[in-house]
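**Q** Prediction below, plus the sequence it came from.
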Amino acid sequence: KQEVTQIPAALSVPEGENLVLNCSFTDSAIYNLQWFRQDPGKGLTSLLLIQSSQREQTSGRLNASLDKSSGRSTLYIAASQPGDSATYLCAVSRTGNQFYFGTGTSLTVIP
Amino acid sequence: KAGVTQTPRYLIKTRGQQVTLSCSPISGHRSVSWYQQTPGQGLQFLFEYFSETQRNKGNFPGRFSGRQFSNSRSEMNVSTLELGDSALYLCASNRHSTDTQYFGPGTRLTVL
C-alpha cells in the first residue's frame, strides 16, 4: 500500500520568506501527483498537478517538482504571504483518481 | 462556472441509522470521487465513479456504498452508522483522471 509522508508537520515563517515543503512516497509507480491546500473547515483546493512523465509544474509563486525514482516531491513557495497560511497536502495516485494523501504540513506565515 | 456542491453540509445521526450524502460535480465532469477525512486517519479514498460505473474502491467496509446517476451526480450511503464514521466527507470531480480534481466543501457527519 502506498504510504505518503510530509515533513515538516508544521511550519511557521515570517512574511516574505521562501519555503519548501516536502513529500515522500513509498511506491514510485505513480500515475500523477497533486499538491492541495486546505483552509480550516473548508474543502481542498488543487494547487499543482504533475503527471508521472513530468518533472515539475509552476503556477505563480508556486513550483512543484517530482522525482519518481527517489519517491519525492517538493513544493516551493516564493515570497510567502499571510494568505498562504493553510494546510498543504500532497497526494499521489497509482491509477486514475484513487489518491493517497499525506497528513499535511500546517503553514503559518507571520505578518 | 459553478463548483462542486455537496448536500447537506452538516448532519447529525445516531448509531445504527443510515445516511445518504449527495454530490453534484462541475458541469461536464464525469468522474466523481469520495473521500473521508478524520483527525486520526487523515484523508482516505472511498470510491470513484465514472459514467455511472464504480471504477476504483478504497479499503472500507461494505456499509459504505455509492452510485452515480446519468447526469453525473453521485450519492454515497453509509448504513448501520458507527461512532467512528464521524468525519468530513468530501467529493471531488474532474473530466478525466489526467485533469485537476476539484473538491466540494464537504459534508460534516456527526454520529452520536
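**A** Alright, I've got the coordinates.

**Q** if I've got this straight, B:Asp99 is in a strand?
**A** No - going by DSSP: H, G, I helix; E, B strand; the rest coil, the assignment for B:Asp99 is coil, not a strand.

**Q** so how far is A:Gly16 from it?
**A** B:Asp99 is 33 Å from A:Gly16, where distance means C-beta to C-beta, to the nearest Å. Where C-beta positions appear, they are placed from N, C-alpha and C, glycine not excepted.

**Q** For residue 64, report the pLDDT, please.
**A** Assuming you mean chain A. At A:Ala64, the predicted lDDT confidence score is 97.

**Q** Let me rephrase: I mean chain B.
**A** At B:Phe64, pLDDT is 98.

**Q** contacts for the strand or helix carrying A:Thr5?
**A** Per DSSP states H and E, A:Thr5 falls inside strand A:4-7. For strand A:4-7, the external contacting residues (C-beta atoms under 8 Å, 6 or more residues apart in numbering or on different chains) are A:21-26, A:88-92, A:100-105.

**Q** Name every strand pairing with it and say which way it goes.
**A** strand A:19-25 (antiparallel) (DSSP bridges).

**Q** tell me the strands in the chain, going along the chain?
**A** I went with chain A, as the question did not name one. Under the criterion DSSP state E, chain A contains strands at A:4-7, A:10-14, A:19-25, A:32-38, A:44-51, A:56-59, A:62-67, A:72-77, A:86-93, A:99-101, A:105-110.

**Q** if you could check chain B rather than the one you did, that'd help
**A** B:5-7, B:10-13, B:19-24, B:31-38, B:42-50, B:53-57, B:64-68, B:74-78, B:87-94, B:102-103, B:107-111.
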